[in-house]
Structures are given as C-alpha cells and as structure tokens.
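Chemist: A predicted structure for the sequence below; I have some questions about it.
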Amino acid sequence: MKKEKQFLVIILLGFFCAWIVSCHLTTSKPVALIVSAAGSYRNVLAEINELYKQENSNVLITYNIAGSGFLRQQIEQGAPVDIYMPAIALEMDRLQSLGLVLPETRQNLLRNQIVLILPKESTIPISKFEDLIDERIKRVAIGKETVATGIYTKQILTFLGIYEQVKKKGIVAEEDIRQVLKTVESKNADAGITFLTEAKLSNKVKIVAIAPANSHKPVILSIAVLKRCQNVPEAKAFIDFMKSEKAQYIFNKYGFSIVKQKV
C-alpha cells in the first residue's frame, strides 16, 4: 500500500509539472522582429529562416528585402525596424552617425566578393575587368552608383582607369541587385559586375574574374540592432544565431565568407 501511494504521488507530480510547463507555453507572448536586409541576402535568408523557426518558435521574423540605401532611408524616416543588415558598411556607418544604431550590437557578419560575369555560352575571350573596354563588349550590366554593387563597381573601374569607358556601355540596375544577374542571363548585356553570391545563384552565367582585393574597399556585411527595437534581447539572440555554426554553414554554401570579429 505504501508503494502504491508513492507511485500515485509521483504520477500526480508529473501531471502538475506538465501543467505548469503547459501554462508557461500558452501564456508566453510571441515576439515579432522586423529585419531589413540587403537584396544579396534574399535567397540565403529564406533557407536560414526555416532553421531559425525550428529553434525559435516564439519569435516571428518579418524580412524587408531591398537595396541597402533604400532600407537606410526607410529607417531614417522612422520605419519600425529592429535589425539592419546592409550589403555595404557605409550605410551602417550613416545610421550609426545619426544615433540610430545600438553600437554595442554592431558586428561584422560576412564578406562577399565582386565578380565579372558573362552569359554562359559567351565566346568573347575576356578574363579580367580591364577587358571590359574591348570593343566586342557592347553592353555591361552594373549597379547604380548609389547602391552597394554600384559603389564597389565604381571603385574597381576607377582604380583600373577604365570607369568612364565602361560607364558609357552601362545598363544600370537602379535598386535591385538581382537585375544585373537577370540582364546577363537574358543576354541583354555582354557582361555584368555583381556580387559573387549573386553569380553563384545561376547556371546561366559564368564567372570570369574576381576583382583584385586592392581595387576596392573590402565587401563587409555588418549587422546591428536599431535603437527603436522594443525586443533587444531577442534581437541580440537573432544576431548570435546568424553567427552560429549552423547559419555559417548555409552562408558558406551561398558563397559568403564568415567574419568573426566585432567592428
């Protein structure tokens, strides 16, 4: 009889603990975070988000994907953004100078590279950026000078002394970096300059050159929590997840390189 009572007490305690856990789960409020991220993140974040949701079911992430400068302007105008992920450090610098970033949360997250691409079937024999002045290259898809890829493109071509010559051949992508890739894929341009991560998304283009490291500022992608964020602990945890081995594996698969140190 004594053993039966002990067994009954253990069962009741088990039910009580399960009830406590259930109450906690049902009463805990979900957290919503808005992440403004550059267009170069579009595909990789779609995959990473599936993994993130498995481990953080109580946090709902809404991604706002667009050009880094456009997103920065939205934030300056008061858009309710929690986390900013631009494709160029310059845009983060501007927000930080305006006091809109929590500086202690800012970190260098990833590196990217700038590459020269051609349609896969192209037979034009070019192998370096300097070859863009070849008369056989009639049209070059490039980013607008105010967007991340356009800024890097101008730095590279200016360093090589061919900026004005290539600019005359330019088919300019205004905001969406994916436009450069699509223009080359469709053969509406003979060549294009874009991020390595963009080029790796397509089997319709080929990479013929990587921009020399000394020809442009390093392509560093930073991440930070913004001052308007109402859920700072969860936002910081999101950044930690972005730097986790699981997330880094996916970033690497898409062509990004990992940066471990803080700004």
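Modeler: Great, that's in hand.

Chemist: For stretch 161-178, measure first residue to last.
Modeler: Counting by CA to CA, to the nearest Å, you get 26 Å between the two ends of stretch 161-178.

Chemist: Confirm for me that Tyr41 is in contact with Pro86.
Modeler: No. In this structure, Tyr41 is not within contact of Pro86 by CB atoms under 8 Å, at 9.6 Å. Heads up, the C-betas are built off the backbone N, CA and C, glycines and all.

Chemist: Among those two, which residue is more densely surrounded?
Modeler: A count of neighbours by other CB atoms under 10 Å puts Pro86 above the other of Tyr41 and Pro86, at 27 against 23.

Chemist: Now that one: closest residue in space that isn't a chain neighbour?
Modeler: With CB to CB, 6 or more residues apart in numbering as the criterion, Pro86 has its nearest non-adjacent residue at 3.7 Å, and that residue is Ser68.

Chemist: Return the residues in contact with the residue nearest the centre of the chain.
Modeler: With distances taken as CA atoms, centre = their mean, the residue of the chain nearest its centroid is Tyr41 (3.1 Å). Counting by CB atoms under 8 Å, 6 or more residues apart in numbering, Tyr41 makes contact with Ile65, Met85, Ala87.

Chemist: Show me just the buried residues among those residues.
Modeler: The neighbour-count test (16 or more other CB atoms under 10 Å) marks Ile65, Met85, Ala87 as buried among these.

Chemist: Among those residues, which lie within helices?
Modeler: Among those, no member is found in helices (DSSP state H).

Chemist: Look up the closest residue to Ile124, ignoring the ones flanking it.
Modeler: Arg136 (5.1 Å).

Chemist: Please, which helix or strand holds the one you found?
Modeler: Secondary structure assignment for Arg136, by DSSP states H and E: no helix or strand.

Chemist: Now do the contacts for Lys167.
Modeler: If you count contacts by CB under 8 Å, 6+ apart, then Lys167 has Ile142, Leu157 around it.

Chemist: no no, Leu100
Modeler: If you count contacts by CB under 8 Å, 6+ apart, Leu100 has them with Ile75, Glu76, Leu226, Lys227, Arg228.

Chemist: quick one: it and Arg228, what's the gap?
Modeler: Leu100 sits 8 Å away from Arg228, going by CB to CB, to the nearest Å.

Chemist: now do Val208
Modeler: Separation of Val208 from Arg228 (CB to CB): 43 Å.

Chemist: repeat for Asn49
Modeler: 22 Å.

Chemist: What are the buried residues along stretch 140-147?
Modeler: Val140, Ala141, Ile142, Gly143, Lys144, Val147.

Chemist: Next: stretch 118-133.
Modeler: Here stretch 118-133 shows Leu118, Pro119, Ser122, Ile126, Phe129, Asp131, Leu132, Ile133 as buried, counting by 16+ other CB under 10 Å.

Chemist: Return the residues in contact with the second one.
Modeler: Taking CB under 8 Å, 6+ apart as the criterion, Pro119 is in contact with Val184, Glu185, Lys187, Asp190, Lys204, Val205, Lys206.

Chemist: cutoff 10 Å now
Modeler: 183-192, 202, 204-206 (CB atoms under 10 Å, 6 or more residues apart in numbering).

Chemist: for the closest residue to Gln230 other than its chain neighbours, what are its contacts?
Modeler: Leaving aside its sequence neighbours, Gln230 sits nearest to Asp82 (CB to CB, 6+ apart; 7.7 Å). By CB under 10 Å, 6+ apart, the contact set of Asp82 is 31-36, 61-62, 225-226, 228-232, 234-235, 238.
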